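J.: sequence plus the predicted model coming up.
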Amino acid sequence: MKYAVIDISSGGLSFLVAAAEDNKTEILLKERQPLSLLSYMEGKKLSERGIRKLIDALGGIGSTCERLEVERGYLISTALLRRVTNYEEIVGAVQEKTGLPINYIDGQTEAYCDFAANRCYSAFPRAVLVDIGGKSVEICDLSKREKEEMLFLNFGLFDLIERFVKKTQPTPEEAKKMRDYLKARYKKKGLPKEDHYDTLVAVGPTAEALYAVYAEFTGAEEEGGEKVIRRRSFKRFTDYLLEGEGRSRLILQTAPERLTLILPAAILLKTLVKRFDLSTVVVSDRGVKEGFLRLVLDGREEGAYYDFVKKERGGSRRPSEVRAGSREKPAADGQMPSGAGEEENRKGAEEAEERKAGHKKEGAEKSADKSDGRKAAVPADGEGPTDAEEGEAAVGSLPAPEGKNKKSAARGASSGQAKKAARSGSARTAAEKAEAPRTADDGEGTGRVGKTKSGARRGRPPKKAVAAPSDSPKSDAAE
């Protein structure tokens, strides 16, 4: 029987066609079509034009599947469509025009698919797998076996670019902010440090493109059929990408479609190499599609499919976790299980609701102050909103920080003091106290982009990384 797996990602559509029989699977075709759906986003919705572009691209892939007589065609959606608010609209339009039902893949399942596709690398001593994506990053300890043990981070290269990069390539200052942000996120999620892993397996189209540019720069060749990146030469390569005069020309000659992604990917990979204190990176050409097919064939995953021979649908569509009003909230960062997952999720959701209620109460108090001719206290800029405040689900995330609840309570107290002082004839003194600058950690420590009251974007890298056990990491000089 012939199978196809089509992946809708942030950077394009990729698909494979395989023949499976008697526990043997042969890949017949692998192709990728560039399509930046991010260019067609209107806020958090994919525009009508973007949906039409998606349908047109899927139509071409469908013709190929029909020609190859594919009987099980699975269409999966990964990080990008986890964030859109009109997911069900996209699902309906795609199914109506192409016949293909979309199977929702959450972050942990995506990481598990990566793991299933690359289990062969578990033979490497203490190996860790990293899928460098445009809208998410998956990290799998290859000594683990369960889906719940997979880790994913709910940000990717496009998010780093949007947050830190003003032009085509990051400046040295922007690259430093990016590194600081990444280090803080790794610490917050409790990623191991040195002496835990020996080999990093990099996965994804951008990782493959990064190796191609690296090999062009260093003259590296495959070692025993594997694409290998060595730490010392990778540092020299990354330094050139950061300040070399011919860096854009080098990328355009080798991976032009990844011009803006190569350097952010190199920075992300280098921060992980330093954190884990590794000397070797292996780049794999197997990822989510291969893993999903493997899990389907093994009976460990299921989904709805389209039979291009009989022109009919079968199977059952994976749940999309769509909230009320067809608004899908993307999952927050996953983490290694701590044994208190469900309780932490419940507490995280409750605390997120408490913060929202605190913000509403604060807004009402500010309005009341203004109507009385007094100026309400304005909180000092923090590090930006937490994941939960951006609408992300609390699934697999750490309990929400208490810092902002404390600040909301402080602001409420300040407002009450101002009113009391006004009644006692001391309004001016109270107002000065209410407006006094305050400093407090918002609990995230990650420089997220937020908005000021005027709507301007703000964001900065953390001045102080989230606390984590110190293992005296090596400096670049030691490399």
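T.: Arrived safely. Numbers count the residues shown, from 1 in each chain.

J.: burial count for Lys183?
T.: Lys183 has 22 neighbouring residues, counting by other C-beta atoms under 10 Å. For the C-beta atoms, the positions are set from N, CA and C on the backbone; glycine is no exception.

J.: mind starting the numbering at 234 from now?
T.: Understood, numbering begins at 234; the last thing we discussed is Lys416.

J.: ok, then the element right after whatever helix or strand it lives in?
T.: Secondary structure assignment for Lys416, by DSSP states H and E: helix 405-421. Later in the chain than helix 405-421, the nearest helix or strand by DSSP H and E is strand 432-436.

J.: now do that following strand: everything it contacts.
T.: When contacts are defined by C-beta atoms under 8 Å, 6 or more residues apart in numbering, strand 432-436 is touched by residues 347, 350-351, 354, 357-365, 371, 375, 443-444, 462, 502, 505-506, 509, 511, 513-517, 519-520.

J.: what's the pLDDT at the residue lying closest to Glu407 once chain neighbours are set aside?
T.: Spatial nearest neighbour of Glu407, chain neighbours left out: Phe397 (4.9 Å); criterion: C-beta to C-beta, 6 or more residues apart in numbering. Per-residue confidence (pLDDT) for Phe397: 98.

J.: hmm, Lys409 and Phe397 touching each other?
T.: No: under the criterion of C-beta atoms under 8 Å, Phe397 makes no contact with Lys409, lying 9.5 Å away.

J.: against Ala453, how distant is Val446?
T.: Using C-beta to C-beta, to the nearest Å, Val446 is found at 11 Å from Ala453.

J.: more neighbours: the two, which one.
T.: Taking other C-beta under 10 Å, Val446 and Ala453 do not tie; Val446 has more neighbours (23 against 17).

J.: quick check, that one in contact with Leu494.
T.: No: at 10.5 Å, Val446 does not count as touching Leu494 under the criterion of C-beta under 8 Å.

J.: may I have the helix or strand Lys460 falls within exported as CSV, CA atoms only?
T.: Lys460 belongs to strand 460-463 when assigned by DSSP H and E. Output in CSV follows, covering the C-alpha atoms of strand 460-463 (Å, rounded to 0.1, in the frame of the first residue of the first chain):
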residue,chain,number,x,y,z
LYS,A,460,26.6,15.1,8.0
VAL,A,461,28.8,16.2,10.9
ILE,A,462,29.4,19.6,12.3
ARG,A,463,32.5,20.1,14.5
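
J.: can I get the host helix or strand of Lys468 in PDB, CA atoms only?
T.: Lys468 belongs to helix 464-476 when assigned by DSSP H and E. C-alpha atoms of helix 464-476 as PDB (Å, rounded to 0.1, in the frame of the first residue of the first chain):
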ATOM      1  CA  ARG A 464      32.400  22.600  17.400                       C
ATOM      2  CA  ARG A 465      35.600  24.500  16.700                       C
ATOM      3  CA  SER A 466      34.900  25.000  13.000                       C
ATOM      4  CA  PHE A 467      31.300  25.800  13.800                       C
ATOM      5  CA  LYS A 468      32.300  28.700  16.100                       C
ATOM      6  CA  ARG A 469      34.500  30.100  13.300                       C
ATOM      7  CA  PHE A 470      31.600  29.700  10.900                       C
ATOM      8  CA  THR A 471      29.100  31.400  13.200                       C
ATOM      9  CA  ASP A 472      31.500  34.300  13.700                       C
ATOM     10  CA  TYR A 473      31.800  34.800  10.000                       C
ATOM     11  CA  LEU A 474      28.000  34.700   9.600                       C
ATOM     12  CA  LEU A 475      27.800  37.400  12.200                       C
ATOM     13  CA  GLU A 476      30.300  39.900  10.800                       C
END
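
J.: okay, now the residue nearest to Glu407: neighbour count?
T.: Phe397: 25 neighbours (other C-beta under 10 Å).

J.: thinking again about what came up before, other residues contacting the strand holding Lys460?
T.: Strand 460-463 is contacted from outside by 435, 441, 444, 447-448, 453, 455, 512-516, using C-beta under 8 Å, 6+ apart.

J.: ranking the residues you listed by neighbours, who comes first?
T.: Counting neighbours by other C-beta under 10 Å, Tyr447 leads these with 26 neighbours.

J.: let me see the contact set for the closest residue in space to that one that isn't next to it in sequence.
T.: Of all residues not flanking Tyr447 in the chain, Phe470 sits nearest, at 5.3 Å (C-beta to C-beta, 6+ apart). Taking C-beta under 8 Å, 6+ apart, we find Phe470 in contact with 446-447, 450-451, 499.

J.: sorry, back to before: could you export the very next helix or strand once past the helix holding Lys468 as PDB, CA atoms only?
T.: On the C-terminal side of helix 464-476, the nearest following helix or strand under DSSP H and E is helix 480-487. Taking C-alpha atoms only, helix 480-487 is exported to PDB below (Å, rounded to 0.1, in the frame of the first residue of the first chain):
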ATOM      1  CA  ARG A 480      28.000  36.300   4.600                       C
ATOM      2  CA  SER A 481      24.900  37.000   2.600                       C
ATOM      3  CA  ARG A 482      26.600  36.000  -0.700                       C
ATOM      4  CA  LEU A 483      27.700  32.700   0.900                       C
ATOM      5  CA  ILE A 484      24.100  31.900   2.000                       C
ATOM      6  CA  LEU A 485      22.600  33.000  -1.400                       C
ATOM      7  CA  GLN A 486      25.000  30.700  -3.200                       C
ATOM      8  CA  THR A 487      24.000  27.700  -1.000                       C
END
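
J.: show me what helix 480-487 packs onto, helices and strands only.
T.: If contacts are counted by 3 or more C-beta pairs under 8 Å, 6 or more residues apart in numbering; DSSP states H and E, helix 480-487 sits against helix 438-451, helix 464-476.

J.: possible to save those as JSON lines with mean pLDDT and distance to Thr258?
T.: Listed next are the helices and strands packed on helix 480-487 as JSON lines, based on pLDDT from 0 to 100; distance: least, C-beta to C-beta, whole Å:
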{"stretch": "helix 438-451", "mean pLDDT": "97", "distance to Thr258": "21"}
{"stretch": "helix 464-476", "mean pLDDT": "96", "distance to Thr258": "33"}
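
J.: any chance of those in JSON lines, plus distance to Leu262?
T.: Compiled in JSON lines, the helices and strands packed on helix 480-487 are given as follows (distance: least, C-beta to C-beta, whole Å):
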{"stretch": "helix 438-451", "distance to Leu262": "16"}
{"stretch": "helix 464-476", "distance to Leu262": "32"}
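
J.: quick one: closest of those helices to Tyr539.
T.: Among the helices and strands packed on helix 480-487, helix 438-451 comes nearest to Tyr539, with 24.3 Å by C-beta to C-beta.

J.: now the angle between helix 464-476 and the closest one, please.
T.: 100 degrees (axes from the mean of the first three to the mean of the last three C-alpha atoms, to 10 degrees).

J.: mean pLDDT per element in the chain, and the minimum belongs to which helix or strand?
T.: Using mean pLDDT, DSSP states H and E, the weakest-scoring helix or strand in the chain turns out to be strand 560-561, at a mean of 37.

J.: which two in the contacts of strand 460-463 are spaced the farthest apart?
T.: The largest separation in the contacts of strand 460-463, counting by C-beta to C-beta, is between Glu441 and Ser512 at 20.7 Å.

J.: thanks again, I'm all set now.
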